Structures are given as C-alpha cells and as structure tokens.
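> Sequence first, predicted coordinates after that:
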Amino acid sequence: MYLQKGGNIGYDGNKKVNGIKISSVTENTGLPIALYISSANIHDSRLDIPTVQGVKIKLDVGGPITRPKRTNADRAYDPREIRDYNRNSGIISNILVNKINGKNNVIGRPTKFNKGGYAGKNVVERFFS
C-alpha cells in the first residue's frame, strides 16, 4: 500500500491521527494467518468480520481452511453482530462481555466466557510487538 507524505488522516476519539490500523488473526504460536489494513479512524470492532473473512489456509489434501475454530477477543469485540457472525460461521467465541452493552440485555441464553482459554490472548499482542 502506497502512502503519500503525511499518511492517511483519520480521527480516533477527538484526536486527529495520521496512519493506518492493522487487524490480525494469529494462530496459537503468534504467526499471522490474516491481516486487514484500514485507516486509523475506524473502530476495532468494525475490522473483525473482514479480517476473519480473510482467513485462507491451503492444505495439501482437501479444501482450504476459511475460518478459525475459535476466537479470543476483548470487550471491544462484543457487539451482537460479531457474536452472531461467529455463531453462524461455527466459530467458538470467547469474548469478554462489555458492561455498556449489558444495558439492553435480551432474554435468552447468556454468553459464556472461558478464563482459561482467554489466557492465550496475549499471543496477538506479542505478534504486534
């Protein structure tokens, strides 16, 4: 991607920022499987579905793997559309519940959270560092 001098300009909160935002899907060891690049003014949760749709792993036998088996994410990825997409795609979600989204709870099965599985979320942080 070619950027002109000064880069892309976006807004993050009230701060004017230059640059891009990178969203990634990594495997358990920290190797990237899919990357999605956008301008810096888009919220992280809006990048989740396009990033997951970018997963394509070629295998020697059979068709490619086009989705992860499970996902760990923080509170920013708690919107209903992400949970619904994961559920409909057969992806097991391990996402912290955002207390702000709890104001409008709907009647139904509560979301599950596995603390033991969430311990591996730091793998993606190590990938970025």
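Done, it's in. Residues are numbered from 1 along each chain as shown.
> Let me know the distance separating the most centrally placed residue in the chain from S24.
Closest residue to the average C-alpha location of the chain: D48 at 3.8 Å, with CA atoms, centre = their mean. Using CB to CB, to the nearest Å, D48 is found at 11 Å from S24. C-betas here are computed from N, CA, C, even on glycine.
> Equivalent analysis for E125, please.
11 Å.
> Same drill for those two, tell me which one is more crowded.
S24 (17 against 10; other CB atoms under 10 Å).
> ok but the more buried one is inside a strand, no?
Yes. Secondary structure of S24 (DSSP: H, G, I helix; E, B strand; the rest coil): part of a strand.
> I'd like to know which elements the lengthiest helix in the chain is packed against.
The helix that spans the most residues within the chain, counting by DSSP state H, is helix 80-89. Using 3 or more CB pairs under 8 Å, 6 or more residues apart in numbering; DSSP states H and E, the elements in contact with helix 80-89 are helix 48-53, strand 92-95.
> count of residues packed around V52?
22.
> ugh, wrong one, S23
21.
> ditto for R46
14.
> let's have the chain start at 51 instead
With 51 as the first residue, the last one maps to R96.
> Please, where are all the helices along this protein?
98-103, 130-139, 165-168, 172-178.
> tell me how far the first one is from the chain's mean position?
Taking the mean of its C-alpha atoms, helix 98-103 sits 7 Å from the chain's own mean (CA atoms, centre = their mean, to the nearest Å).
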